[in-house]
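Chemist: Need the 3D shape of this:
(one chain, ligands or ions: 1)
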Amino acid sequence: MKNSQTNPKPVGKALFLWLSTISLILLMIGVTALWYFISPRLHEFNEAFPFILLTGLRIFFLLLVIGSILVLFTAIFERNFIIAKFAAHMFIRIMYPVCVFLGPLIGIPEERIGESFVRVNDTFIRSLRKKFDPKETLVLLPHCLQDTSCTVRITVDPSNCKRCMRCDIGKVLDICDEYGVDVSIATGGTLARRIIIDKRPKVIIAVACYRDLVSGIRDAYPIMTLGVFNLRPNGPCINTHVNINILRKALESVVKRPVSSFENN
Ligand code: SF4
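Modeler: The predicted structure follows:
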(Lines give C-alpha, C1' and ligand atoms only; values in the text may rest on other atoms or scores of the structure.)
Protein backbone atom coordinates (compact mmCIF):
# COMPACT_ATOMS: atom_id res chain seq x y z
CA MET A 1 0.00 0.00 0.00
CA LYS A 2 1.37 3.42 -0.95
CA ASN A 3 0.45 4.95 2.37
CA SER A 4 2.58 2.58 4.36
CA GLN A 5 5.59 3.48 2.21
CA THR A 6 5.31 7.21 2.79
CA ASN A 7 4.12 6.96 6.40
CA PRO A 8 6.23 4.20 7.94
CA LYS A 9 5.49 2.63 11.33
CA PRO A 10 4.85 5.44 13.85
CA VAL A 11 7.63 6.20 16.32
CA GLY A 12 6.75 6.48 20.02
CA LYS A 13 8.02 8.92 22.60
CA ALA A 14 10.48 6.38 24.11
CA LEU A 15 13.06 6.92 21.35
CA PHE A 16 13.49 10.62 22.09
CA LEU A 17 13.52 10.05 25.85
CA TRP A 18 16.24 7.39 25.56
CA LEU A 19 18.25 9.39 23.11
CA SER A 20 18.08 12.57 25.16
CA THR A 21 19.20 10.66 28.28
CA ILE A 22 22.15 9.14 26.38
CA SER A 23 22.92 12.55 24.81
CA LEU A 24 22.90 14.17 28.23
CA ILE A 25 25.36 11.60 29.61
CA LEU A 26 27.63 11.94 26.54
CA LEU A 27 27.45 15.73 26.77
CA MET A 28 28.51 15.62 30.41
CA ILE A 29 31.36 13.18 29.67
CA GLY A 30 32.51 15.36 26.74
CA VAL A 31 32.48 18.60 28.72
CA THR A 32 34.24 16.92 31.70
CA ALA A 33 36.96 15.57 29.38
CA LEU A 34 37.35 19.00 27.82
CA TRP A 35 37.59 20.51 31.29
CA TYR A 36 40.28 18.01 32.27
CA PHE A 37 42.45 19.07 29.30
CA ILE A 38 41.98 22.85 29.47
CA SER A 39 41.85 23.46 33.24
CA PRO A 40 45.69 23.57 33.73
CA ARG A 41 45.91 26.32 31.11
CA LEU A 42 43.02 28.23 32.72
CA HIS A 43 44.89 28.20 36.04
CA GLU A 44 47.86 29.84 34.34
CA PHE A 45 45.52 32.49 32.95
CA ASN A 46 43.73 33.38 36.20
CA GLU A 47 43.31 31.57 39.56
CA ALA A 48 39.61 32.46 40.07
CA PHE A 49 38.45 31.89 36.47
CA PRO A 50 38.53 28.04 36.52
CA PHE A 51 36.55 27.99 39.77
CA ILE A 52 33.84 30.32 38.38
CA LEU A 53 33.63 28.33 35.12
CA LEU A 54 33.44 25.00 36.93
CA THR A 55 30.70 26.27 39.27
CA GLY A 56 28.72 27.58 36.27
CA LEU A 57 29.05 24.22 34.50
CA ARG A 58 27.97 22.29 37.60
CA ILE A 59 24.86 24.47 38.01
CA PHE A 60 24.06 24.08 34.30
CA PHE A 61 24.36 20.29 34.43
CA LEU A 62 22.42 20.06 37.69
CA LEU A 63 19.53 21.99 36.10
CA LEU A 64 19.75 19.82 32.99
CA VAL A 65 19.65 16.60 35.05
CA ILE A 66 16.73 17.84 37.20
CA GLY A 67 14.95 18.99 34.04
CA SER A 68 15.52 15.63 32.36
CA ILE A 69 14.15 13.72 35.36
CA LEU A 70 11.06 15.95 35.41
CA VAL A 71 10.56 15.47 31.68
CA LEU A 72 10.89 11.69 32.06
CA PHE A 73 8.34 11.70 34.89
CA THR A 74 6.01 13.98 32.90
CA ALA A 75 6.27 11.84 29.78
CA ILE A 76 5.90 8.50 31.59
CA PHE A 77 3.14 9.40 34.05
CA GLU A 78 1.51 12.16 31.91
CA ARG A 79 1.33 14.41 34.99
CA ASN A 80 2.66 17.94 35.34
CA PHE A 81 5.67 17.83 37.67
CA ILE A 82 6.35 21.22 39.32
CA ILE A 83 8.71 22.85 36.83
CA ALA A 84 7.88 20.57 33.92
CA LYS A 85 7.28 23.63 31.73
CA PHE A 86 10.82 24.79 32.42
CA ALA A 87 12.10 21.29 31.73
CA ALA A 88 10.16 21.24 28.48
CA HIS A 89 11.82 24.53 27.58
CA MET A 90 15.26 23.00 28.11
CA PHE A 91 14.36 19.98 26.01
CA ILE A 92 12.98 22.05 23.15
CA ARG A 93 15.87 24.50 23.12
CA ILE A 94 18.84 22.35 24.23
CA MET A 95 18.22 18.60 24.03
CA TYR A 96 16.58 18.50 20.60
CA PRO A 97 19.60 19.96 18.73
CA VAL A 98 21.94 17.72 20.74
CA CYS A 99 19.86 14.62 19.90
CA VAL A 100 19.68 15.56 16.22
CA PHE A 101 23.47 15.91 16.19
CA LEU A 102 24.18 12.64 18.03
CA GLY A 103 21.30 10.47 16.72
CA PRO A 104 22.55 10.10 13.11
CA LEU A 105 26.04 9.26 14.47
CA ILE A 106 24.56 6.14 16.08
CA GLY A 107 22.37 5.35 13.07
CA ILE A 108 19.06 6.96 14.09
CA PRO A 109 17.65 9.09 11.25
CA GLU A 110 16.59 12.66 12.02
CA GLU A 111 13.04 11.91 10.85
CA ARG A 112 12.51 9.31 13.60
CA ILE A 113 14.01 11.62 16.24
CA GLY A 114 11.74 14.47 15.10
CA GLU A 115 8.63 12.28 15.14
CA SER A 116 9.41 11.03 18.63
CA PHE A 117 10.13 14.59 19.81
CA VAL A 118 6.68 15.72 18.57
CA ARG A 119 5.06 12.93 20.63
CA VAL A 120 7.03 13.88 23.76
CA ASN A 121 6.01 17.51 23.24
CA ASP A 122 2.35 16.42 22.97
CA THR A 123 2.75 14.64 26.31
CA PHE A 124 3.95 17.87 27.96
CA ILE A 125 0.89 19.73 26.72
CA ARG A 126 -1.62 17.02 27.64
CA SER A 127 -0.04 16.59 31.08
CA LEU A 128 -0.88 20.21 31.93
CA ARG A 129 -4.54 19.12 31.71
CA LYS A 130 -5.42 22.64 30.70
CA LYS A 131 -8.40 23.43 28.49
CA PHE A 132 -8.34 26.57 26.41
CA ASP A 133 -11.14 28.74 25.21
CA PRO A 134 -11.94 28.05 21.51
CA LYS A 135 -11.05 31.70 20.79
CA GLU A 136 -7.55 31.11 22.17
CA THR A 137 -7.00 28.12 19.88
CA LEU A 138 -5.71 28.02 16.34
CA VAL A 139 -5.77 25.04 13.99
CA LEU A 140 -2.97 25.49 11.48
CA LEU A 141 -3.11 23.44 8.29
CA PRO A 142 -0.62 22.92 5.47
CA HIS A 143 -1.65 24.01 2.01
CA CYS A 144 -0.80 20.52 0.66
CA LEU A 145 -4.02 19.17 2.23
CA GLN A 146 -5.96 20.91 -0.53
CA ASP A 147 -6.74 18.84 -3.61
CA THR A 148 -4.42 20.05 -6.38
CA SER A 149 -7.34 20.27 -8.84
CA CYS A 150 -9.27 22.65 -6.56
CA THR A 151 -9.13 26.27 -7.70
CA VAL A 152 -10.62 27.85 -4.56
CA ARG A 153 -8.22 30.26 -2.79
CA ILE A 154 -8.33 28.92 0.74
CA THR A 155 -5.01 30.34 1.99
CA VAL A 156 -6.46 33.84 1.92
CA ASP A 157 -9.69 32.76 3.55
CA PRO A 158 -10.44 29.11 4.49
CA SER A 159 -14.16 29.92 4.47
CA ASN A 160 -13.89 30.08 0.66
CA CYS A 161 -13.80 26.25 0.75
CA LYS A 162 -17.02 24.82 -0.74
CA ARG A 163 -16.74 21.75 1.49
CA CYS A 164 -17.21 19.41 -1.43
CA MET A 165 -15.18 16.87 0.63
CA ARG A 166 -12.92 16.01 -2.28
CA CYS A 167 -10.07 16.69 0.15
CA ASP A 168 -9.78 16.78 3.95
CA ILE A 169 -9.96 20.58 4.22
CA GLY A 170 -13.77 20.41 4.22
CA LYS A 171 -13.80 17.76 7.00
CA VAL A 172 -11.33 19.78 9.11
CA LEU A 173 -13.45 22.93 8.73
CA ASP A 174 -16.55 20.98 9.81
CA ILE A 175 -14.90 19.71 13.00
CA CYS A 176 -13.37 23.11 13.77
CA ASP A 177 -16.81 24.72 13.41
CA GLU A 178 -18.09 22.14 15.91
CA TYR A 179 -15.48 23.32 18.44
CA GLY A 180 -15.69 26.98 17.42
CA VAL A 181 -11.95 27.25 16.74
CA ASP A 182 -10.21 29.37 14.16
CA VAL A 183 -8.50 27.71 11.17
CA SER A 184 -5.64 29.05 9.07
CA ILE A 185 -3.88 27.52 6.10
CA ALA A 186 -0.21 28.26 5.52
CA THR A 187 1.85 27.71 2.40
CA GLY A 188 5.10 27.60 4.40
CA GLY A 189 6.93 28.40 7.60
CA THR A 190 7.16 32.17 6.98
CA LEU A 191 3.42 32.53 6.46
CA ALA A 192 2.73 30.24 9.45
CA ARG A 193 4.89 32.50 11.67
CA ARG A 194 3.06 35.60 10.40
CA ILE A 195 -0.33 34.00 11.10
CA ILE A 196 0.75 33.16 14.66
CA ILE A 197 2.02 36.71 15.27
CA ASP A 198 -1.24 38.19 13.90
CA LYS A 199 -3.65 35.85 15.68
CA ARG A 200 -1.73 35.40 18.96
CA PRO A 201 -3.29 32.05 19.96
CA LYS A 202 -2.52 30.48 23.33
CA VAL A 203 -2.47 26.98 21.90
CA ILE A 204 -1.95 25.74 18.35
CA ILE A 205 -2.97 22.42 16.84
CA ALA A 206 -0.75 22.06 13.80
CA VAL A 207 -1.14 19.50 11.02
CA ALA A 208 2.09 18.93 9.09
CA CYS A 209 4.94 16.56 8.32
CA TYR A 210 7.49 15.86 11.08
CA ARG A 211 9.97 18.47 9.75
CA ASP A 212 7.45 21.33 9.74
CA LEU A 213 6.01 20.23 13.09
CA VAL A 214 9.42 20.22 14.77
CA SER A 215 10.37 23.65 13.42
CA GLY A 216 6.85 24.95 14.20
CA ILE A 217 6.95 23.69 17.80
CA ARG A 218 10.41 25.23 18.33
CA ASP A 219 9.58 28.54 16.60
CA ALA A 220 6.21 29.03 18.29
CA TYR A 221 7.48 28.21 21.81
CA PRO A 222 6.39 29.35 24.46
CA ILE A 223 3.03 29.07 22.65
CA MET A 224 2.14 25.40 23.02
CA THR A 225 1.82 23.49 19.76
CA LEU A 226 0.15 20.10 19.58
CA GLY A 227 1.28 18.18 16.51
CA VAL A 228 -0.85 16.03 14.20
CA PHE A 229 1.09 14.24 11.46
CA ASN A 230 -0.31 14.48 7.99
CA LEU A 231 -0.65 11.36 5.85
CA ARG A 232 1.22 11.33 2.57
CA PRO A 233 -0.23 8.61 0.31
CA ASN A 234 0.92 10.56 -2.78
CA GLY A 235 4.35 11.50 -1.44
CA PRO A 236 5.35 14.65 0.40
CA CYS A 237 3.59 17.98 -0.17
CA ILE A 238 0.91 16.77 -2.61
CA ASN A 239 -2.71 15.88 -1.88
CA THR A 240 -1.89 14.97 1.72
CA HIS A 241 -4.49 13.84 4.25
CA VAL A 242 -5.13 14.04 7.97
CA ASN A 243 -6.67 11.47 10.28
CA ILE A 244 -9.82 13.28 11.43
CA ASN A 245 -10.15 11.09 14.56
CA ILE A 246 -6.65 12.05 15.71
CA LEU A 247 -7.43 15.71 15.04
CA ARG A 248 -10.65 15.39 17.04
CA LYS A 249 -8.75 13.82 19.96
CA ALA A 250 -6.22 16.68 19.84
CA LEU A 251 -9.06 19.22 19.97
CA GLU A 252 -10.78 17.33 22.79
CA SER A 253 -7.59 17.32 24.86
CA VAL A 254 -6.97 21.08 24.84
CA VAL A 255 -10.15 22.93 23.86
CA LYS A 256 -13.13 23.66 26.08
CA ARG A 257 -16.19 22.29 24.39
CA PRO A 258 -18.49 25.21 23.51
CA VAL A 259 -21.94 25.14 25.12
CA SER A 260 -24.29 24.21 22.28
CA SER A 261 -27.34 26.29 21.45
CA PHE A 262 -29.43 23.23 22.43
CA GLU A 263 -27.98 23.32 25.98
CA ASN A 264 -28.56 27.07 26.15
CA ASN A 265 -32.27 26.71 25.57
S1 SF4 B 1 -13.08 20.46 0.25
FE2 SF4 B 1 -13.45 20.84 -1.94
S3 SF4 B 1 -13.61 23.07 -2.10
FE4 SF4 B 1 -12.67 22.65 -0.13
S5 SF4 B 1 -10.50 22.77 -0.55
FE6 SF4 B 1 -11.06 20.62 -0.73
S7 SF4 B 1 -11.49 20.34 -2.92
FE8 SF4 B 1 -11.49 22.55 -2.53
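Chemist: Please make it C-alpha for all contacts and neighbour counts, starting now.
Modeler: OK.
Chemist: in stretch 202-212, what counts as buried?
Modeler: Buried residues in stretch 202-212, counting neighbours by 16 or more other Cα atoms under 10 Å, are found at 202-210, 212.
Chemist: tell me the mean pLDDT over it?
Modeler: Per-residue pLDDT over stretch 202-212 has a mean of 94.
Chemist: Same question for stretch 18-25.
Modeler: Over the span of stretch 18-25, the pLDDT mean works out to 86.
Chemist: Now do the SS call for residue 206.
Modeler: Secondary structure assignment for residue 206 (DSSP: H, G, I helix; E, B strand; the rest coil): strand.
Chemist: Renumber starting at 104 from here on
Modeler: With 104 as the first residue, the last one maps to residue 309.
Chemist: what's the closest non-adjacent residue to it?
Modeler: Nearest residue to residue 309 in three dimensions, chain neighbours excluded: residue 243, at 4.7 Å (Cα to Cα, 6 or more residues apart in numbering).
Chemist: count of residues packed around that neighbour?
Modeler: By the other Cα atoms under 10 Å criterion, the neighbourhood of residue 243 contains 21 residues.
Chemist: Could you name the helices and strands sitting against the helix or strand hosting it?
Modeler: Using DSSP states H and E, the element containing residue 243 is strand 240-245. Contacts of strand 240-245 with other secondary structure elements, assessed using 3 or more Cα pairs under 8 Å, 6 or more residues apart in numbering; DSSP states H and E, are made with strand 285-289, strand 306-311.
Chemist: What is the shortest one packed up against?
Modeler: Think strand 285-289. Using 3+ Cα pairs under 8 Å, 6+ apart: strand 285-289 touches strand 240-245, helix 271-282, helix 292-302.
Chemist: Could you give the average pLDDT over the longest one?
Modeler: Taken as a whole, helix 271-282 has an average pLDDT of 96.
Chemist: got the buried residues for that helix?
Modeler: 271-276, 278-279, 282.
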